[in-house]
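A.B. asks: Here's my sequence, what's the structure:
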Amino acid sequence: MKKSLLALAVFGAFAGAASAQTNVTIYGLVDAGIRRTDSDINGKAWELASGMQSGSRLGFKGTEDLGGGLSAIFALENGFTVDNGGLDQGGRLFGRQAWVGLNGGFGTVKLGRQYTPIFTVLDSLDPFSTGIIGGDAGALAVFETYGIRMDNTINYSMPNVGGFSGQVAYGFGEVAGRFSDARNMGASVGYANGPLNVAAAYHRQDRLATSSDPTTEGKTWLVGATYDLGVVKGHVAYADNRGEAATSTRSRDGMIGVSVPVGGVGTVLASYTRHDDREGSADASFWGVGYTHSLSKRTNLYTSYSRVNNDAGSNRGFVTAGDDVNWFNVGIRHIF
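C.D. replies: Here you go, the predicted model:
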């Protein structure tokens with residue numbers, strides 16, 4: 001008992017010293033709701049689902065002032081599923097984010113697991129912020145984001161100058177003897193001024209296989225904009241995709257949407273997204289409508305209805321190829 005008390009006292013003293021030197025914030029988000037899925041091939045299903053609007057998470061972030069305008073920064077963010085208490089992102093402890101870096105007048109440099117620049121741009125353009133609608137449908141299922149996050153990544157973000165911002169990212173493939181295998185590279189640039197937000201992004205993923213055949217190479221250009229008129233906000237995005245699998249692939253993705261504030265506490269959301277397969281029979285179209293309602297600054301309710309229509313060779317929405325699926329969601333999200 002005495003040893004336990006002594007250990008607790010030592011830990012408390014250490015934690016106090018650490019907090020005096022570094023500003024650490026604990027934060028998180030809990031999101032859960034009910035989802036109905038109606039599949040033409042697999043039938044109907046009801047489920048309690050986690051993270052339909054935003055992925056549930058528990059995170060730690062901090063800064064330390066190093067002097068001269070330079071700061072050390074870090075973030076460790078765990079993803080979990082509320083419905084069963086399990087780990088998300090394939091069971092990783094800090095699967096959402098895990099990085100450390102430096103911030104100063106030159107910008108920000110971060111090393112570790114981070115979001116791809118192309119996902120960050122798509123998330124800012126989509127009226128649903130890549131959530132709320134469908135199970136795994138919507139803009140996130142139609143547009144290519146290359147896994148949302150990059151491992152083994154060096155990311156540089158420039159300081160905001162006159163509304164202009166940008167970032168570049170390089171993810172090491174770490175395949176022995178094959179420098180380019182599994183390598184990821186991305187970049188984005190944006191301009192935000194008043195009601196206008198314009199952004200563009202590029203991503204390239206080199207082959208994931210260790211053989212000499214390029215089995216999963218791909219590259220995507222994405223451009224888009226939002227414009228806020230006050231009574232309604234417009235959203236548009238367009239992407240061109242090129243890839244190498246057993247044969248070369250080429251496709252285009254487009255999205256148009258609106259978000260409409262209602263009564264100061266709610267927002268109506270709608271979008272239409274189209275995947276155009278330029279070299280096969282894998283076209284898909286998706287539409288969705290939704291509504292969010294704030295109960296406080298940290299808590300809101302949400303609901304949506306959406307549908308994806310797939311051609312015979314398409315499985316957009318991460319469903320069975322050729323399947324057409326409807327989703328209905330209703331849930332609650334709390335931020336802390």
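A.B. asks: Tyr272: neighbour count?
C.D. replies: For Tyr272, the neighbour count with other C-beta atoms under 10 Å is 12. Using the backbone N, CA and C atoms, a C-beta is placed for each residue, glycine as well.
A.B. asks: cool, and Arg178?
C.D. replies: 16.
A.B. asks: Check the secondary structure at it for me.
C.D. replies: Following DSSP: H, G, I helix; E, B strand; the rest coil, we place Arg178 in the coil state.
A.B. asks: Quickly note the distance from it to Lys219.
C.D. replies: Look at Arg178 and Lys219: by C-beta to C-beta, to the nearest Å, they are 19 Å apart.
A.B. asks: Can you report phi and psi for the closest residue to Asp228 other than its chain neighbours?
C.D. replies: Leaving aside its sequence neighbours, Asp228 sits nearest to Pro195 (C-beta to C-beta, 6 or more residues apart in numbering; 4.1 Å). Main-chain dihedrals, Pro195, degrees, to the nearest 10: phi -80, psi -10.
A.B. asks: Might one say that Pro195 is in contact with Leu229?
C.D. replies: Yes - Pro195 is within contact range of Leu229, at 6.8 Å (criterion: C-beta atoms under 8 Å).
A.B. asks: and the residue nearest to Asp228, what does it touch?
C.D. replies: Tyr227, Asp228, Leu229, Gly230 (C-beta atoms under 8 Å, 6 or more residues apart in numbering).
A.B. asks: Ala75 now?
C.D. replies: Gly59, Phe60, Lys61, Gln97, Ala98, Trp99.
A.B. asks: so which strand or helix has the second one?
C.D. replies: To tie it back to what came earlier, the one meant is Phe60. Under the criterion of DSSP states H and E, Phe60 resides in strand 57-67.
A.B. asks: Packing partners of that strand?
C.D. replies: Using 3 or more C-beta pairs under 8 Å, 6 or more residues apart in numbering; DSSP states H and E, the elements in contact with strand 57-67 are strand 23-39, strand 70-79, strand 97-104.
A.B. asks: quick one: which of those strands is nearest Ser248?
C.D. replies: Closest approach to Ser248 among these is made by strand 23-39 (31.0 Å; C-beta to C-beta).
A.B. asks: Next secondary structure element downstream of the closest one?
C.D. replies: strand 43-50.
A.B. asks: Surely Asp323 touches Gly43?
C.D. replies: No - look at Asp323 against Gly43 with C-beta under 8 Å: they stay out of range, at 10.8 Å.
A.B. asks: How about the secondary structure of Glu144?
C.D. replies: coil.
A.B. asks: Please enumerate the helices of the protein.
C.D. replies: 2-21, 117-125, 139-142 (DSSP state H).
A.B. asks: In terms of mean pLDDT, which of those helices ranks lowest?
C.D. replies: Within the helices of the chain, the stretch with the lowest mean pLDDT is helix 2-21, showing a mean of 46.
A.B. asks: Please name the residues that touch Gln89.
C.D. replies: Applying C-beta under 8 Å, 6+ apart to Gln89 gives the contacts Gly79, Gly95, Arg96, Arg149.
A.B. asks: if we go to 7 Å?
C.D. replies: Gly79, Gly95, Arg96 (C-beta atoms under 7 Å, 6 or more residues apart in numbering).
A.B. asks: count of residues packed around Val30?
C.D. replies: By other C-beta under 10 Å, the burial measure for Val30, its neighbour count, is 18.
A.B. asks: Quickly note the distance from it to Gly177.
C.D. replies: Distance from Val30 to Gly177, by C-beta to C-beta: 45 Å.
A.B. asks: Out of Asp323 and Gly43, name the residue with the larger neighbour count.
C.D. replies: Of the pair Asp323 and Gly43, Asp323 is the one with more neighbours under other C-beta under 10 Å, namely 17 against 8.
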